[in-house]
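> I'd like to go over a predicted model; first the sequence, then the structure.
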Amino acid sequence: MSHTESRLENQKLGPLQLKVAFLCMLAQTFDGFDISSISMAVPALIRAWHLPGPAFANTFVMSSVGIMIGALASGPIGDRVGRKPVLIASLVLLALSSLGCTQAATIPELVWLRLVTGMGIGALMPASVALASDYLPDRLRAVGIMVVFTGAPLGGFLGKIIVAQLLQTYGWPVIFWIGGLLPLGLIPVLLIWCPESPRVLLARGQLTDRAARLLRQLGIDLSTPRDEVDVVKGNPVAGLFRDGLGGTTILVWILYFSNLLSMYMISYWMPTVLSLSGLTPADAVFVSSMQDAGPLLSIFLIVPLATKYGPPNVLCFTLFLGMLCIAWMGLTNLPYYLLLPVIFLIGAGTVGSMTGINGMTAALYPARVRNTGMGWALGIGRLGGIAGPWLGGVLLGMGLPPRQIFLATCLTAATATVTMVALGLRGRRQARAALQGV
């Protein structure tokens, strides 16, 4: 490892690093609101447009298709041209498409607008993770990214609480007004105060005065040759299968696919299912907010426990817990007072685990392919995000009791748990091999 890479991997956690992490977390918060916005709007749209719930399945599916496209494109672009341009572009897509949704009058219009929204969501996630990672020391990277990713469930939770209060007065368009104006307001903040990745700045070679001051603040030699910086060389996607990363990459993709299928099927259909089970649209949105509250609290347990016992061991437990709670909700007609804690635990076990998985994955990949590694994991995972909402619509259209459509996700939750065990075993084998090679 070069001197420059050593400085970047072992930088101190100070005001600059915390500022970048906070701004990335804030972007994730608005991202999380826009992920949830369509699920919050559908119960009200069912009544406003006089259409059945399954008619909106394609709005969920195309959201996930857009997320997949955005994530797959964002990774290689972010590793080549920089994290910050991708982050800004994703916010522009989020803002404009969400504002466009306020004027939608038909399902096809909503479907295409949600495709663009999904592209913004998908591009933002890996870019924000890679940028925050480049300002976090190696010893704190996994934990730091877990905290950054709490922005997404925070956005969903706060958004649902706010929307539950505004929905009856202002109607469904208020959801998309909020989802468009918030990212729009964040863009100038990031342009002014958010720095580019130091690795990207060094790789470009021609430094502005602002970039030079930033690198000096990090203790970096401005004359560092490009080949001493861990940036991508060649095809960044092929880099996911070089240097012993191939097996890890395959397992990560399986993990993302299975858990995101469970997560998106539940999160997209939860308000609609609760509304079809007898709750008002506003109450359904409020109760489903417990799914986003779960990871906000569970992450404060996952982070210290993962530090002590290792992320795979802790995440195996949380994934299994989520599976049990999904089965409980699907098989039992729970009263209102029990729905709240059970949905809370479902969120802790699915969305909370995903927050931990994202942090673990960011730490698995070296800097040169970190944006691509996260982007393609999220992109492949969105195949599950596409299948989940589609499967929910099919099962609901078959006439199953609304809550029982979630039982299908027990199988994918089990797959995620087994894959996490395999990743843990692989990590231990690699650690032993590294020690023997010393």
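Yes, it's here. Worth saying up front: this structure is predicted, and the values here are computed from it rather than measured.
> wouldn't Val174 be in contact with Gln168 here?
No - the criterion here is CB atoms under 8 Å, and Val174 misses it with Gln168 at 10.2 Å. In short, each C-beta sits where N, CA and C put it, glycine included.
> show me the helices in the stretch 1-150 of the chain, by range?
Taking DSSP state H, counting those that start in this stretch as the criterion, the stretch 1-150 of the chain contains helices spanning 3-9, 15-49, 57-81, 83-101, 107-134, 141-149.
> can you check what angle separates the third one from helix 107-134?
What separates the directions of helix 57-81 and helix 107-134 is an angle of 30 degrees, with axes from the mean of the first three to the mean of the last three CA atoms, to 10 degrees.
> buried set for the helix or strand where Ala327 lies?
Assessed by DSSP states H and E, Ala327 sits inside helix 311-331. The neighbour-count check on helix 311-331 (16 or more other CB atoms under 10 Å) flags 311-312, 314-323, 325-326, 329-330 as buried.
> which other residues reach that helix?
142, 259, 262, 266, 298, 302, 305-306, 334, 339, 342-343, 345-346, 348-350, 352-353, 356-357, 359-360, 403-407, 409-410, 413-414, 416-417, 420-421, 423-424, 427 (CB atoms under 8 Å, 6 or more residues apart in numbering).
> CA atoms only: put stretch 44-57 into CSV for me.
What follows is stretch 44-57 as a C-alpha-only set of coordinates in CSV (Å, rounded to 0.1, in the frame of the first residue of the first chain):
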residue,chain,number,x,y,z
ALA,A,44,-55.4,7.1,-1.6
LEU,A,45,-55.2,6.7,-5.4
ILE,A,46,-57.3,3.5,-5.2
ARG,A,47,-60.1,5.6,-3.9
ALA,A,48,-59.4,8.7,-6.0
TRP,A,49,-59.2,6.9,-9.3
HIS,A,50,-61.7,4.1,-8.4
LEU,A,51,-59.3,1.3,-9.4
PRO,A,52,-58.4,-2.0,-7.6
GLY,A,53,-55.1,-2.4,-5.7
PRO,A,54,-53.5,-4.9,-8.2
ALA,A,55,-53.9,-2.2,-11.0
PHE,A,56,-51.0,-0.3,-9.4
ALA,A,57,-48.6,-3.3,-9.4
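> tell me the mean pLDDT for the helix or strand harbouring Leu202?
Here Leu202, judged by DSSP H and E, is contained in helix 198-204. Mean pLDDT, helix 198-204: 79.
> quick check: closest non-adjacent residue to Glu196.
Nearest in space to Glu196, with sequence neighbours left out and distances taken as CB to CB, 6 or more residues apart in numbering, is Lys84 at 4.6 Å.
> that should have said Ala293, apologies.
In space, and not counting its chain neighbours, Ala293 is closest to Phe157: 5.0 Å by CB to CB, 6+ apart.
> verify the contact between Ser289 and Gly155 for me.
No - contact criterion CB under 8 Å: Ser289 and Gly155 do not qualify, at 11.3 Å.
> and the most centrally placed residue in the chain, what is it in contact with?
Computing the C-alpha centroid of the chain and ranking residues by CA atoms, centre = their mean puts Met125 first, at 5.7 Å. With contact set as CB under 8 Å, 6+ apart, Met125 has these partners: 28, 31, 71, 74, 152, 374-375, 378.
> quick check, pLDDT for Pro188.
Note for Pro188: predicted pLDDT of 96.
> same thing with Met1?
52.
> kindly report the same for the one 10 residues further on.
Here, the pLDDT recorded for Gln11 equals 80.
> show me what the helix holding Leu202 is packed up against.
Where contact means 3 or more CB pairs under 8 Å, 6 or more residues apart in numbering; DSSP states H and E, helix 198-204 is packed against helix 3-9, helix 209-217.
> so the longest one versus helix 15-49, what angle?
So the one you mean is helix 209-217. 120 degrees.
> the chain should start at 47 in everything you say after this.
Sure, I'll start numbering at 47, so the last one becomes helix 255-263.
> got the angle for the following helix or strand past helix 255-263 vs helix 103-127?
Beyond helix 255-263 on the C-terminal side, the first helix or strand identified by DSSP H and E is helix 292-322. Taking the same axes, to 10 degrees, one finds helix 292-322 and helix 103-127 inclined to each other by 150 degrees.
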